[in-house]
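[1] give me coordinates for this.
(one chain, ligands or ions: 1)
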Amino acid sequence: MNSWLKYIQSVPIFLKHYLFLSTKICPTADICVILQPKAFNMAILSIPDEGARISEPKQIREFLNARGIFFDQWHCDVVFDDTATQEEIIEAYRKDLQPFMEKGGYLTADVISINKLTENYDAIRAKFLAEHTHSEDEIRFFVDGKGLFWFHLEGQPVFNLLCEQGDLISVPEGTKHWFDAGEKDPFVKAIRIFIDMSGWVPHYTGTEIEKRYSDFEI
Ligand SMILES: [Fe+2]
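    Predicted structure coming up:
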């Protein structure tokens with residue numbers, strides 16, 4: 001076995017991911033690959049009825065903050081594979097997660113994962129897709145994958161935020177919203193943060209406003 005392969009196999013899995021993403025690897029004198037850090041995906045905010053779109057993070061933050069919605073972006077060099085446990089994912093984001101939870105008085109965090117192998121995905125999607133509110137903030141940090149949060153604020157045009165890896169969104173309690181991970185090939189891995197998990201129960205508004213935007217494509 002080549003010495004570089006022996007070296008790579010001896011490295012702990014988390015460190016290995018970091019090295020593969022940031023290092024110049026030369027398996028032989030003839031083959032040399034430079035692997036760059038994974039690009040930071042950007043959130044996109046859209047106002048379909050106005051044909052408007054914002055992709056600059058500072059402007060997105062200002063737009064949302066002005067409406068009482070917290071938005072942030074956290075970065076982490078760890079890349080998780082499918083075997084990563086909830087504890088490993090939460091630990092990797094501890095430096096951002098812990099102060100955020102302490103400041104907001106949040107008590108628990110877990111990790112949800114939805115992908116094309118998720119059983120009963122259509123039923124799960126339908127549960128998120130109808131406009132609803134919660135009795136506590138709905139906070140999601142996107143570890144991987146993506147999803148679309150829709151907001152229906154009083155007296156304002158409906159807007160949505162495409163959340164991707166690194167995006168943190170906090171939907172205030174009582175805010176009318178819905179969420180979609182897509183009809184086909186869903187992929188979301190997100191940290192959920194709670195004061196009390198019972199606060200996450202959806203209270204449906206029954207307006208069916210979400211149907212007006214069902215053909216929206218980012
Ligand atoms: Fe919700």
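
[2] now Gln73, nearest residue through space, not along the chain?
    Gly166 (5.0 Å; Cβ to Cβ, 6 or more residues apart in numbering). Where C-beta positions appear, they are placed from N, C-alpha and C, glycine not excepted.

[3] rounded mean pLDDT for stretch 172-183, please.
    Taken as a whole, stretch 172-183 has an average pLDDT of 96.

[4] so the residue most central in space within the chain, which state does it fall into?
    By Cα atoms, centre = their mean, the chain has its centre lying nearest to Phe142, at 1.9 Å. With DSSP: H, G, I helix; E, B strand; the rest coil as the basis, Phe142 sits in strand.

[5] ok, it - contacts?
    If you count contacts by Cβ atoms under 8 Å, 6 or more residues apart in numbering, Phe142 has them with Cys163, Glu164, Gln165, Gly166, Asp167, Leu168, Val188, Lys189, Ala190.

[6] go again using 7 Å as the cut-off
    Contacts for Phe142 (Cβ atoms under 7 Å, 6 or more residues apart in numbering) come out as Cys163, Glu164, Gln165, Gly166, Asp167, Ala190.

[7] what number of residues lie near the residue nearest to Gln73?
    20 (other Cβ atoms under 10 Å).

[8] also Phe151?
    A count of nearby residues for Phe151, using other Cβ under 10 Å, gives 22.

[9] and it, how far from Val111?
    Using Cβ to Cβ, to the nearest Å, Phe151 is found at 24 Å from Val111.

[10] restricted to strands, list the contacts of Phe142.
    Of the contacts of Phe142, the ones assigned to strands by DSSP state E are Cys163, Glu164, Asp167, Ala190.

[11] wouldn't the last one be in contact with Val143 here?
    Read it as Ala190. Yes. Using Cβ atoms under 7 Å, Ala190 makes contact with Val143 at a distance of 6.1 Å.

[12] so between those two, which is more surrounded?
    Neighbours were tallied for Ala190 and for Val143 using other Cβ under 10 Å; the higher tally belongs to Ala190 (26 against 23).

[13] ok, the more buried one - contacts?
    The contact partners of Ala190, by Cβ under 7 Å, 6+ apart, come to Ile112, Arg140, Phe141, Phe142, Val143.

[14] got the domain ranges for this structure?
    Domain segmentation of the chain under automatic domain parsing yields 3-34, 44-213.

[15] can you list the weak-confidence ranges in the protein?
    Applying pLDDT under 70 to the chain flags the ranges 1-41.

[16] show me where it has helices.
    With DSSP state H as the criterion, the chain has helices at 3-10, 13-22, 57-65, 86-92, 94-104, 121-129.
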